[in-house]
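Participant: Requesting a structural model of the entry that follows:
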Amino acid sequence: MIGRRTWGRAGSIAYLAAVYAAALGLAWVAARRSTGLGDWQAALLADVAATVFVFVMAVAADNTSVYDPYWSVAPLPLALWWAAGGSPDPARMGAIVVLVSLWGIRLTGNFLRGWPGLGHEDWRYTEHRRLGTLRYRLVSLTGLQMMPTLIVFAAMLPVLAVTRGAGNGFGVLDVAAAVVTAGSILLETAADEQKRRYRGTGFVATGVWGWCRHPNYLGEVGFWWGIFLFALAAGWGNWWTVAGPIAMTILFATVSVPLMDRRMLRRPGYREHMDRVPALIPRPPR
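Facilitator: Below you'll find the predicted structure:
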């Protein structure tokens with residue numbers, strides 16, 4: 001075991017960079033060697049292989065937070081891989097690549113800004129350590145790492161649909177998709193910045209946080225619905241890719257929101273805040 005208490009912040013970031021560079025290389029090799037598999041099957045195999053590698057390196061560092069950047073790092077390589085093997089409308093694919101890049105850079109940067117290093121593990125992971133080492137590793141691989149990988153992969157299927165035929169030219173629905181996606185990135189940014197500037201001991205209840213309890217989650221869900229709209233813009237036959245944003249919405253509504261609310265209930269006044277402010281669907285502050 002490398003041990004997570006022996007790392008400073010600079011060394012921790014260098015460790016993450018090395019892990020993700022190696023994971024990307026492994027994914028590329030796995031996809032290239034997946035002869036006989038279809039487009040999505042080869043990409044899925046590469047995605048799973050990279051996730052298993054990141055899991056192994058998280059075990060080596062004794063810190064499941066090694067996986068945290070995977071959520072925002074994996075989508076861009078997936079999009080570029082599919083685009084290279086397809087024939088998407090250039091304007092539509094260009095918009096997707098730019099928006100996914102902005103989203104990924106912002107989300108990864110936000111994680112690194114608030115991450116102390118490998119000496120710290122996210123509270124959502126440490127709570128599972130009471131299960132014991134073996135059961136914790138199993139939960140870490142399946143529930144904390146592989147499940148998010150598969151959900152993000154499903155949410156990326158609209159991009160695969162876009163790359164498998166130019167379909168309709170760039171039009172009004174593409175503009176709507178770009179507005180929804182970019183607006184969701186801005187909402188996430190505003191939510192994270194307002195939370196970062198908050199200096200109280202309770203919880204943020206002003207700004208976008210006064211409209212719903214989890215505006216950062218709302219922005220994340222909205223981003224993936226915007227990506228889905230690009231698939232519809234390419235052709236209504238791509239409706240089946242709605243499974244991705246639906247899965248993403250279910251994840252946040254049934255897992256992330258309840259988990260965060262339970263933790264926040266330890267803070268005075270949060271119960272009353274829950275009664276006044278909706279979880280995800282925004283409503284003007286009372």
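Participant: what number of residues lie near residue 262?
Facilitator: By the criterion of other Cβ atoms under 10 Å, residue 262 has 9 neighbours. C-beta here means a position set from N, CA and C on the backbone, and glycine is covered the same way.
Participant: Over to residue 210?
Facilitator: For residue 210, the neighbour count with other Cβ under 10 Å is 19.
Participant: Now do the same contact list for the closest residue to it other than its chain neighbours.
Facilitator: Among residues not flanking residue 210 along the chain, residue 285 sits closest, at 4.0 Å (Cβ to Cβ, 6 or more residues apart in numbering). Neighbouring residues of residue 285 by Cβ atoms under 8 Å, 6 or more residues apart in numbering: 210, 211, 277.
Participant: Can you lay out these as JSON lines showing pLDDT and distance to residue 133?
Facilitator: Output for the contacts of residue 285, formatted as JSON lines (pLDDT from 0 to 100; distance: Cβ to Cβ, whole Å):
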{"residue": "210", "pLDDT": "95", "distance to residue 133": "43"}
{"residue": "211", "pLDDT": "96", "distance to residue 133": "42"}
{"residue": "277", "pLDDT": "96", "distance to residue 133": "39"}
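Participant: between these, which is nearest residue 183?
Facilitator: residue 211 (13.7 Å; Cβ to Cβ).
Participant: Just give me the neighbour total for the residue lying closest to that closest one once chain neighbours are set aside.
Facilitator: By the measure of Cβ to Cβ, 6+ apart, the closest residue to residue 211 outside its immediate chain neighbours is residue 282, 4.0 Å from it. Residues near residue 282, counting by other Cβ under 10 Å, number 14.
Participant: Quick one: classify residue 282 as helix, strand or coil.
Facilitator: coil (DSSP: H, G, I helix; E, B strand; the rest coil).
Participant: can I assume residue 161 is in contact with residue 233?
Facilitator: No. At 10.4 Å, residue 161 does not count as touching residue 233 under the criterion of Cβ atoms under 8 Å.
Participant: on that earlier part again, so what does the residue nearest to residue 210 look like in phi/psi?
Facilitator: phi -60, psi 140 (degrees, to the nearest 10).
Participant: circling back: so how far is residue 243 from the residue nearest to residue 211?
Facilitator: As for residue 282, its distance to residue 243 is 25 Å (criterion: Cβ to Cβ, to the nearest Å).
Participant: repeat for residue 78
Facilitator: Noted for residue 78: a distance of 16 Å to residue 243, by Cβ to Cβ.
Participant: For those two, work out which one has more neighbours and name it.
Facilitator: Taking other Cβ under 10 Å, residue 78 and residue 243 do not tie; residue 78 has more neighbours (23 against 14).
Participant: for the residue nearest to residue 66 when sequence neighbours are not counted, what are its contacts?
Facilitator: Leaving aside its sequence neighbours, residue 66 sits nearest to residue 58 (Cβ to Cβ, 6+ apart; 3.8 Å). Residue 58 makes contact with 64, 65, 66, 67, 140, 145 under the criterion Cβ under 8 Å, 6+ apart.
Participant: any idea which element residue 58 lies in?
Facilitator: Here residue 58 sits within helix 39-61, counting by DSSP states H and E.
Participant: how much distance is there from that helix to the middle of the chain?
Facilitator: Its chain's C-alpha centre and that of helix 39-61 lie 15 Å apart, by Cα atoms, centre = their mean, to the nearest Å.
Participant: Buried residues, that helix. List them.
Facilitator: For helix 39-61, burial by neighbour count (16 or more other Cβ atoms under 10 Å) applies to 39-40, 42-55, 57-59, 61.
Participant: any idea of the mean pLDDT in the helix or strand just after that helix?
Facilitator: Using DSSP H and E, the next helix or strand after helix 39-61 towards the C-terminus is helix 70-73. Helix 70-73 carries an average pLDDT of 96.
Participant: and stretch 232-240, C-alpha only, in CSV?
Facilitator: The C-alpha coordinates for stretch 232-240 follow below in CSV (Å, rounded to 0.1, in the frame of the first residue of the first chain):
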residue,chain,number,x,y,z
LEU,A,232,-32.5,14.9,-31.2
ALA,A,233,-31.2,17.8,-33.4
ALA,A,234,-29.3,15.2,-35.4
GLY,A,235,-32.4,13.1,-35.9
TRP,A,236,-35.6,12.2,-34.0
GLY,A,237,-34.6,8.6,-34.4
ASN,A,238,-32.0,9.2,-31.7
TRP,A,239,-34.8,9.4,-29.1
TRP,A,240,-33.6,6.2,-27.5
